[in-house]
Structures are given as C-alpha cells and as structure tokens.
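[1] Make a model of this:
(one chain, ligands or ions: 1)
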Amino acid sequence: MDNSPVLITGAAGFIGFHTALRLLQAGRKVVGVDNLNDYYDPELKRARLQQLDNFNDFEFVKADIEDKAAMEKMWAEQGPFKEVVHLAAQAGVRYSLENPYSYIQSNCMGHVTIMEMCRHTEGFKHLVYASSSSVYGGNKKLPYSTEDSVDKPISLYAATKRADELMSHTYSHLFDLPQTGLRFFTVYGPWGRPDMALFIFTKNICDGKPIPVFNNGEMKRDFTYIDDIVTGVLGALENPPVREDHQAPWRVLNIGNNRSEKLMDYVQIIESELGQKAEIDFKPMQPGDVPETYADISAIQDLTGYTPTTTIKEGIPKFIEWYKDYYKIKAA
Ligand SMILES: NC(=O)c1ccc[n+]([C@@H]2O[C@H](COP(=O)([O-])OP(=O)(O)OC[C@H]3O[C@@H](n4cnc5c(N)ncnc54)[C@H](O)[C@@H]3O)[C@@H](O)[C@H]2O)c1
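    Residues are numbered from 1 along each chain as shown. All right, here's what the predicted structure looks like:
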C-alpha cells in the first residue's frame, strides 16, 4: 500500500474530518490543515480533531490555505503531497450575502494556492476538491447532470465554486495537473455542521424553539449521508483523470444520493426520532436558495462503482444519536 501522506484541507470540518478518519482507519498517513475559523463553533472543530489525534499517523497544521508562505512551509515539513483532498472553504449559501470577502479569500485565493502547491510537486497524482450542487443555480432540469449549463450562479458561494472548477480546468490544461471536482449535494450525518438544516431543526426542537422552514416547506433536497460521501470521495481519489485526445486531465462529478426528498418528510423523521413535535415557522424562499436539488450520479457510479446506500430514515437517527451523545441530552 502507498504510504505517502494524503493532505486533507478543511480536516477539522464536517466532510474533511470523516474523510481523514476513514483514511486513517485504512492505515494511511494523513496531514490535515484547517484555520479553525469561527463561522460556526470552533469547539466542534476541535472535538473532531481530538478524534483524529487518536491516530499516530495524523498530523495537524493550523493555517490559512490562502497563506502561500504557510502552505510552502507545511509542504516542506510534512510533504510533499501527491494526493490532496481539498475541502477547506467558506461554505454556506446564505452567509455569502453577509460576508462576501471571506468566500473570495478562502474559496478562490485558497483554491489557487493549493493548485500552485500541487503543480510544483514532482510526480503529483491527484487533486480532488469540493465543488457544490449550488453551481446548478436555478436549473429547472432534473436530475442535475454535469452536462447541464452552470453559467448562471445565483449566490456568490456558487459563483466561487464554479470559479474553482474553471480555474482547475485551466491548471489541468496548462500543467497536466489531474483534478476532480466533486459537486456535493446536501451532506448530513454525525458531527454535521451547525449551520445546516438537520442540526438547526434538531437543536431547536430539543430547545423547545420553532424551526425555520423556508419556501413554506415546498423544498426538495438530494440528502447524502456522510459515509456514502466519503466512499465517493475516496473512490474518486483513486481514479485520477488522464489526458485523452488532448483533453485536460480534469473532470467534475456529481456526488449525491440520487433521490430528491421532500423537506417536510425530513422534518417528520426528525420529529419521530426525537419523540417531539416541531413548532414550524414557515418563511419565504431565501435569496440565493433553490427549491429542489436532485443529482444524476451516473458518472461517479461508472467511474468508481459509487452506490449510496443510506436512506434518510437510516441516516437521520444516526445524526440524532450523535447529537444527543455529544451535547449530553437526556432521552425525551
Ligand atoms: N456539507 C455539504 O452539504 C456541502 C455541500 C456542498 C459543498 N460542500 C463543500 O464541501 C467542503 C467541505 O464542507 P463541510 O460541510 O465539511 O464544511 P465545514 O465548514 O465543516 O468544513 C470546512 C473547513 O474548512 C476550514 N476553512 C475554511 N476556510 C479556510 C481557510 N481559508 N484556510 C484553512 N481552513 C479553512 C473551516 O475551518 C472548516 O473546518 C466545502 O468546500 C464546502 O463548500 C459541502
């Protein structure tokens, strides 16, 4: 087995943590980088890192990915890295209306800095990075296919993710840098993000507060369980694109569950799992948000055999079990 270290950016984040954990459990060396910013509770990020620290093969570097000097130092001291899973980013559609600069800094400058490091690494194998289903913007055609047009993003977050895909194409074309962009569709599960619906709904119901439901509940999402996502990320990592017919070694793949679930069904499962009815605060559609997402996953399926197996009926209880345990909430 190859035992050169894999670099995971955003390793203290939700998806980065789970990806690092799976690799460490498989016996790989992992170096994680994260700036532990306070977009959401940094304590949760530290608690994830504590889990990773149980492995001798894990090293953590606290740094900003857009800080070129810090990345060079890390590459020299811990690398070189020939496989990189780049997940660090300023996430969230709604917050991009409030703090646009953090998106440009982390998602655009950060992305270029990571690509620069990879391109100057001899024998570099593969950069897998996070894009997002939000690049589909107001796309009406379902399921979303990577063949669909994505040139009209409706949030700055989406625009930065699309910009990453485009800049990646340029680097793959110019420097033969193998890269795969993964368009994630609403990822959920244990250790999940406090700014996402499942966390907010669970917390508010437990605290006896109303839950905000946008577009009067007329929302559908392709919810993807974290373990399925990690399987897809690592499957993609093992299959770098190669230059063919003068095409750059570059691809983007959807990674979803290939089911579009009604948000209100999602709420019902949370209620039944918590044994408590939610007080629902219906709100209008949020700017930048879309009513439905649904992933065509045939490309990643053909490439890696990726077959998501976790339904929301199985996945939501796993999140709630973790939530109650982590926040020490007594059974209702
Ligand atoms: N979770 C989802 O449903 C979802 C959906 C679509 C796309 N994505 C993308 O997947 C990736 C991972 O998402 P996540 O849900 O794990 O989010 P997350 O916020 O939990 O993880 C991102 C991590 O990156 C770190 N980070 C942010 N900016 C940084 C910087 N400039 N330098 C160093 N570290 C920085 C944060 O501290 C955080 O720990 C992100 O790129 C996100 O945009 C996630």
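[2] can you list the weak-confidence ranges in the chain?
    1-2, 331-332 (pLDDT under 70).
[3] Which residues of it lie near the ligand?
    Neighbours of the ligand within the chain, by CB under 6 Å from any ligand atom: 10, 12-16, 34-37, 45, 64-66, 87-91, 106, 110, 130, 132, 184, 186-187, 193. C-beta: built from backbone N, CA, C; applies to glycine.
[4] at 5 Å instead, please
    Contact residues, the chain versus the ligand (CB under 5 Å from any ligand atom): 10, 12-15, 34-35, 37, 64-65, 87-89, 91, 106, 110, 130, 132, 184, 186-187, 193.
[5] Would you map the strands across the chain?
    6-9, 30-34, 58-62, 83-86, 126-132, 179-184, 187-188, 211-214, 220-221, 224-225, 250-255, 261-262, 280-283 (DSSP state E).
[6] I'd like to know which of those is closest to residue 143.
    Counting by CB to CB, residue 143 lies closest to strand 250-255 out of the strands of the chain; the figure is 8.2 Å.
[7] Output the contacting helices and strands for the closest one.
    Where contact means 3 or more CB pairs under 8 Å, 6 or more residues apart in numbering; DSSP states H and E, strand 250-255 is packed against helix 156-175, strand 179-184, helix 226-237, helix 298-304.
[8] who are the neighbours in contact with residue 145?
    254, 296 (CB atoms under 8 Å, 6 or more residues apart in numbering).
[9] give the contact list for residue 53.
    Residue 53 makes contact with residue 60 under the criterion CB under 8 Å, 6+ apart.
[10] Against residue 11, how distant is it?
    As judged by CB to CB, to the nearest Å, residue 53 and residue 11 stand 11 Å apart.
[11] ok, now residue 80?
    Where residue 11 is concerned, residue 80 sits at a distance of 18 Å (CB to CB).
[12] Over to residue 36?
    Distance of residue 36 to residue 11, given as CB to CB: 10 Å.
[13] who's more crowded, the two?
    A direct count of neighbours by other CB atoms under 10 Å for residue 36 and residue 11 places residue 11 higher, at 29 against 14.
[14] neighbours around the closest residue to that one other than its chain neighbours, how many?
    Sequence neighbours aside, residue 32 is the residue nearest to residue 11 in space, at 2.6 Å (criterion: CB to CB, 6 or more residues apart in numbering). The local packing of residue 32 (other CB under 10 Å) involves 31 other residues.
[15] Residue 32 reaches residue 51, doesn't it?
    No. Using CB atoms under 8 Å, residue 32 makes no contact with residue 51, being 11.4 Å away.
[16] so what's the residue of the stretch 201-332 of the chain found nearest the ligand closest to, chain neighbours aside?
    With CB to the nearest ligand atom as the measure, residue 224 is the residue of the stretch 201-332 of the chain nearest to the ligand, at 7.5 Å. Sequence neighbours aside, residue 257 is the residue nearest to residue 224 in space, at 4.5 Å (criterion: CB to CB, 6+ apart).
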